[in-house]
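Student: can't give you the sequence, but here's the structure:
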């Protein structure tokens, strides 16, 4: 989530609602994180590392890749204490609430959040070559679905602390 809590060598990727999600199966179980994204498209904003500088300094991070632009956030692969992490700066309210929810999950089924401050989120970065979409394309879709269901079960497991206030899916 791994990088801070065990081995994430068995990363899995799936597309849910068009966004890339990373899943890992490890000693801590299966976890999901919205961190592996396709390469930025030409239409996305060209980013510089400058927009990340205050967080790089404050959280003692080292850049570990090119910035990534999505319609809802800017991301930068980083190293935190020498381990892979992802710095995400959201410019959509729903994305910022997603960070609140990820922090609430506490790394159980989702990426571990190391720090959160306003628009910024520092989380575990999934690494590894395995892919759920490739598993499905190669006839291993039952296995891929089991991994997804395991992660969903962990995300919906009861927690001792109250659920943070989120945007309702319906009125």
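Tutor: Perfect, I can see it now. Only a predicted model underlies this, so the values are computations on that prediction, with no experimental measurement involved.

Student: Identify, by residue count, the longest helix of the protein.
Tutor: For the chain, the helix reaching the highest residue count under DSSP state H is reported as helix 141-155.

Student: How far off centre is that helix?
Tutor: 16 Å (C-alpha atoms, centre = their mean, to the nearest Å).

Student: buried stuff in it?
Tutor: 144, 147-148, 150-151, 154-155 (16 or more other C-beta atoms under 10 Å). For the C-beta atoms, the positions are set from N, CA and C on the backbone; glycine is no exception.

Student: now swap in stretch 57-76 and tell me
Tutor: 59, 61, 64, 67-70, 73-76.

Student: quick one: low-confidence parts of the chain?
Tutor: In the predicted model of the chain, residues 1-49 satisfy pLDDT under 70.

Student: Quick check: beta-bridge partners of residue 117?
Tutor: With DSSP bridges as the criterion, residue 117 is bridged to residue 120.

Student: do you know how far it is from residue 149?
Tutor: 33 Å (C-beta to C-beta, to the nearest Å).

Student: Now render the buried residues of helix 141-155 as a markdown table, adding distance to residue 55.
Tutor: Output for the buried residues of helix 141-155, formatted as a markdown table (distance: C-beta to C-beta, whole Å):
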| residue | distance to residue 55 |
| --- | --- |
| 144 | 34 |
| 147 | 32 |
| 148 | 31 |
| 150 | 32 |
| 151 | 27 |
| 154 | 28 |
| 155 | 26 |
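
Student: that older thread, now for the longest helix of the chain, which elements pack on it?
Tutor: strand 11-16, strand 19-26, strand 29-33, helix 132-137 (3 or more C-beta pairs under 8 Å, 6 or more residues apart in numbering; DSSP states H and E).

Student: switch to 6 Å and redo it
Tutor: strand 29-33, helix 132-137 (3 or more C-beta pairs under 6 Å, 6 or more residues apart in numbering; DSSP states H and E).

Student: moving C-terminal of the first one, what's the next helix or strand?
Tutor: Secondary structure here is assigned by DSSP states H and E; on that basis, the next helix or strand after strand 29-33 toward the C-terminus is helix 53-58.
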